[in-house]
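S.K.: Here is a sequence together with a model predicted from it:
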Amino acid sequence: MREKSYDTGTGLQEKAVLVSLITPEIKREKGDPEHSLQELIQLAETAGVEVLTTMVQNKEAHDTKWFIGKGKVEELRAIAEELGATTAIFDQELSGAQVRNLEESLDLKIVDRTQLILDIFAQRAKTREGIIQVELAQLSYLLPRLSGHGKNLSRLGGGIGTRGPGESKLETDRRHIRGRISDLKAQLEEVVRHRKLYRQRRKKSGAIQVALVGYTNAGKSTLLCELTKADVYVENQLFATLDPTSRILELPNGREVILTDTVGFIQNLPHDLIAAFRATLEEVNEADLVLHVVDSSSPMREEQMAVVDRILEELGASGKPTITLFNKKDLYEGDMRQMLRGTSGDSILMNAYDAGDQETLREHIQDKLTGDTVTFLLPADRGDLIALAYRSGEVVGQEVDGENGSLRLKVLVSRQQYEINGHQLRPFIHV
């Protein structure tokens, strides 16, 4: 169970003022700043921080020294002193110099959006792979910012509740940190190799893979639990799931597929984090079918869908067969049919807890994975090929060919599975 708060080393919960700078460039590149600030509040609360207030500045361009204007820095200092804040959290990414200047002027811990997300991931990581990925992302983020030392350096490494890689690692020279990054990359490469071998074994066995993707807190883990009765952590908070979880899902025709839950996406997801988690996210690349889970009740639904699509494209996973699941229909206020009309491809409006909706989804998955009927004429003594045909799809007919003693199998096989096993079974296709 997640701790409710994290302290600063004094036994007190961290208290923060949240700061957002709005410039024409930020609005153009980062999307709706008001929505982003609301997300920052959720992120801070997820990390265990007490949010005291928010501060917004509209400016033509960011200040190279302070990020926000000098006058705004003075205002922030006054508000922090009045409210007893210990931390200032910025909604945009800061340079190392900006962090040091703000810390010296404000005497507060300074955290930006990227570091906050990394801190939450550090709290969530439980598996060896997840811990390696998070530390690698943290150090890759911190290395170019390590031009300071002493107080500044230890603060920079602290994060929320000192959830960074730790002062002992950071109060060393750059060479040591680069060496640690190299070591983590080597460990991650070994993890990637094992994951790749595991995926190859799954493919060879003919296992169908279905991946759940979506914006953070859209309901992916809930859906996995309800469909497969998996015992995984489910909570109404950002990034409740970090490590991927795979479970067996049985379809209406009795066929079994592997359903995998993946980490949620968010706008402005740190590039270092995407790079570090690429091995995990490649599960989506290997999927035969993608289930894009959307929080239909979110006022930023379309923007969140665009974020997911953009990250999938970065991963090289766009263009996969996809079903869009508009989840939380019970919370949606508006014309549901209009929402579905505005989407392309297959889509379902559902509630993850509704048994009828779950069955509709199972049928939809089955229809999406079902392909054409192929007849194979297999030698009766080739048990390996017969077993492969059964793994490749649903056998809908079987009879012995009286002339040569071969076995004639009619198999309903998906295009994806035929591509996987076709090179072995293609010579035995009977028209």
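M.R.: Good, I have the coordinates.
S.K.: the strands in the protein, which residues?
M.R.: Counting by DSSP state E, the chain has strands at residues 15-22, 50-58, 87-90, 109-112, 209-214, 245-250, 256-261, 289-295, 322-327, 346-349, 372-378, 393-400, 407-413.
S.K.: Can you add mean neighbour count and give the ones you listed back as TSV?
M.R.: Heads up, the C-betas are built off the backbone N, CA and C, glycines and all. Below are those laid out as TSV (neighbours: other C-beta atoms under 10 Å):
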stretch	mean neighbour count
strand 15-22	22
strand 50-58	16
strand 87-90	25
strand 109-112	24
strand 209-214	25
strand 245-250	16
strand 256-261	20
strand 289-295	24
strand 322-327	23
strand 346-349	18
strand 372-378	17
strand 393-400	14
strand 407-413	20
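S.K.: Show me the one of these that comes nearest residue 425.
M.R.: Closest to residue 425 of these is strand 372-378 (C-beta to C-beta; 6.0 Å).
S.K.: per-residue confidence averaged over the closest one?
M.R.: For strand 372-378, the mean per-residue pLDDT is 80.
S.K.: same deal with stretch 295-307?
M.R.: On average, stretch 295-307 scores 88.
S.K.: Now it: buried residues?
M.R.: 295-296, 298, 300-301, 304-305, 307 (16 or more other C-beta atoms under 10 Å).
S.K.: Out of those, the closest to residue 429 would be?
M.R.: Nearest member of those to residue 429, counting by C-beta to C-beta, is residue 305, at 40.0 Å.
S.K.: ok, now which ones touch that closest one?
M.R.: Neighbouring residues of residue 305 by C-beta atoms under 8 Å, 6 or more residues apart in numbering: 215, 292, 294, 324.
S.K.: Recalculate using a threshold of 10 Å.
M.R.: 214-215, 218, 292, 294-295, 298, 324, 326, 343 (C-beta atoms under 10 Å, 6 or more residues apart in numbering).
S.K.: Please tell me how far it sits from residue 112.
M.R.: 26 Å (C-beta to C-beta, to the nearest Å).
S.K.: Same question for residue 188.
M.R.: Counting by C-beta to C-beta - residue 188 and residue 112 are separated by 25 Å.
S.K.: how about the contacts of residue 305 in a markdown table, adding distance to residue 254?
M.R.: Listed next are these as a markdown table, based on distance: C-beta to C-beta, whole Å:
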| residue | distance to residue 254 |
| --- | --- |
| 214 | 28 |
| 215 | 33 |
| 218 | 29 |
| 292 | 26 |
| 294 | 29 |
| 295 | 32 |
| 298 | 36 |
| 324 | 26 |
| 326 | 28 |
| 343 | 30 |
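S.K.: I'd like to know which of those residues is nearest to residue 53.
M.R.: For the contacts of residue 305, the nearest to residue 53 is residue 298 (24.2 Å; C-beta to C-beta).
S.K.: Now do the same contact list for the closest one.
M.R.: 35, 215, 217-218, 304-305, 328, 331-332.
S.K.: Most neighbours out of the residues you listed, which is it?
M.R.: Among the contacts of residue 298, the one with the most neighbours (other C-beta atoms under 10 Å) is residue 218, at 28 neighbours.
S.K.: quick one: pLDDT of residue 46?
M.R.: 88.
S.K.: Enumerate the positions of stretch 82-102 that are buried.
M.R.: 85-92, 94-96, 98-102.
S.K.: Then stretch 348-356?
M.R.: Quick answer for stretch 348-356 (16+ other C-beta under 10 Å): 348-352.
S.K.: chain center to stretch 201-217: distance?
M.R.: 14 Å (C-alpha atoms, centre = their mean, to the nearest Å).
S.K.: Between the two ends of it, how far is it?
M.R.: 32 Å (C-alpha to C-alpha, to the nearest Å).
S.K.: what do you get for stretch 395-411?
M.R.: Start-to-end span of stretch 395-411 (C-alpha to C-alpha) is 4 Å.
S.K.: model confidence over that stretch, on average?
M.R.: For stretch 395-411, mean pLDDT rounds to 80.
S.K.: That one: how far from the chain's middle?
M.R.: For stretch 395-411, the distance to the chain centre is 45 Å (C-alpha atoms, centre = their mean).
S.K.: Can you list the neighbours in contact with that stretch?
M.R.: Contacts for stretch 395-411 (C-beta under 10 Å, 6+ apart): 253, 371-382, 385-386, 389-394, 412-413, 417-418, 425, 428, 430.
S.K.: Show me how the record splits this protein into domains.
M.R.: 15-170, 207-369, 372-428 (automatic domain parsing).
S.K.: could those be laid out in a markdown table, adding distance to residue 184?
M.R.: A markdown table is the format used below for these (distance: least, C-beta to C-beta, whole Å):
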| stretch | distance to residue 184 |
| --- | --- |
| domain 15-170 | 4 |
| domain 207-369 | 9 |
| domain 372-428 | 33 |
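S.K.: Out of the ones you listed, which is closest to residue 176?
M.R.: Counting by C-beta to C-beta, and looking across all of those, nearest comes domain 15-170 at 7.9 Å.
S.K.: related to what we said a few turns ago, for the buried residues of stretch 348-356, which one is nearest residue 106?
M.R.: For these, the minimum distance to residue 106 (C-beta to C-beta) is 43.5 Å, reached by residue 352.
S.K.: Hmm, the closest one is touching residue 227, no?
M.R.: Yes - if you go by C-beta atoms under 10 Å, residue 352 and residue 227 touch, sitting 8.3 Å apart.
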